[in-house]
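S.K.: test case, fold it:
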Amino acid sequence: MTVQRLPILDLSVEDRAELLAVFTKLAHDYPDKNQFNVTCVLGWPLDGEAHALFSLSGTNWKDGGPEIPEFEFRWLLPRYHNTVVERLVIAVQKRWRTGRIRFLRMRPKTCLSWHVDPEVNRLHFPLVTNPGALMLSERNGELEAERFSEVGSAYLWQVNVPHTAINASLTQDRVHLVFNILGAA
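M.R.: Next comes the predicted model:
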């Protein structure tokens, strides 16, 4: 199985509401964006945090420079200090070393390409979901479909196998807070 539910990390109703409020403000301020970094690389320009907020890949976005190791994305952006986001990051980092941490929005009628990620696992906290939001992965030649259906629950998903995400809803976004997991703390 490529997905494991981790009840010990489930969010309280209050924390879910606060995380959703944080995301809602981001989505309002940047309506054309679908991914919002929570962490960045030390030394990236933080002028209004716009560069760090949207620089998503391990490739140096500014000059097409060398790959940036995933573990370098470990600095919490100041906008998240003293919030539920910081508290959750601290709780997760007691268990695992993390790389990028992001809010991910998947618009209705969207499917990602079939791909394999270099990290072994990602930790997902669904904040908004719907029956058409699916995760598909292939393991040992078998296709597995998962619904991360419980808002506020914690799901550890193996991503170093072929996989994709689908939001087949006609009207509703799917929103997750996602941690790239690099290994035990």
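S.K.: all helices of the chain, in order?
M.R.: 13-29, 50-54, 84-93 (DSSP state H).
S.K.: those: which one's closest to residue 168?
M.R.: Checking those against residue 168 by CB to CB gives helix 13-29 as the closest, at 20.4 Å. From N, CA and C alone the C-beta is placed, and that goes for glycine too.
S.K.: pLDDT weak spots in the chain?
M.R.: Counting by pLDDT under 70, the chain shows low-confidence ranges at 1, 43-66.
S.K.: residue 115 against residue 163, yeah?
M.R.: Yes. Taking contacts as CB atoms under 8 Å, residue 115 lies within contact range of residue 163: 7.0 Å.
S.K.: comparing those two, which shows the higher neighbour count?
M.R.: residue 163 (22 against 9; other CB atoms under 10 Å).
S.K.: contacting residues for that one?
M.R.: By CB atoms under 8 Å, 6 or more residues apart in numbering, the contact set of residue 163 is 2, 114, 115, 116, 117, 135, 136, 137, 138, 157.
S.K.: looking at strand pairing, list the partners for it.
M.R.: residue 115, residue 137 (DSSP bridges).
S.K.: for the remainder of this discussion, apply numbering that starts at 9.
M.R.: All set: I'll call the first residue 9, so the last point we hit is now residue 171.
S.K.: need the buried ones from the contacts of residue 171 selected in PyMOL.
M.R.: What follows is the PyMOL syntax for the buried subset of the contacts of residue 171, where burial is set by 16 or more other CB atoms under 10 Å:
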select buried, resi 10+143+144+145+165
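S.K.: closest one of the contacts of residue 171 to residue 177?
M.R.: Using CB to CB, the contacts of residue 171 come closest to residue 177 at residue 143, 14.3 Å.
S.K.: how about the closest one, nearest residue that isn't a chain neighbour?
M.R.: Leaving aside its sequence neighbours, residue 143 sits nearest to residue 154 (CB to CB, 6 or more residues apart in numbering; 4.6 Å).
S.K.: hang on, that neighbour packs against residue 141?
M.R.: No. The criterion here is CB under 8 Å, and residue 154 misses it with residue 141 at 9.9 Å.
S.K.: higher neighbour count, these two?
M.R.: Neighbours were tallied for residue 154 and for residue 141 using other CB under 10 Å; the higher tally belongs to residue 141 (25 against 19).
S.K.: in stretch 144-164, which residues are buried?
M.R.: Buried residues in stretch 144-164 (16+ other CB under 10 Å): 144, 145, 152, 154, 156, 159, 160, 161, 162, 163, 164.
S.K.: filter those down to the ones in strands?
M.R.: 144, 145, 152, 154, 163, 164 (DSSP state E).
S.K.: list just the nearest of those to residue 14.
M.R.: Out of these, the member with the shortest distance to residue 14 (by CB to CB) is residue 164, at 5.8 Å.
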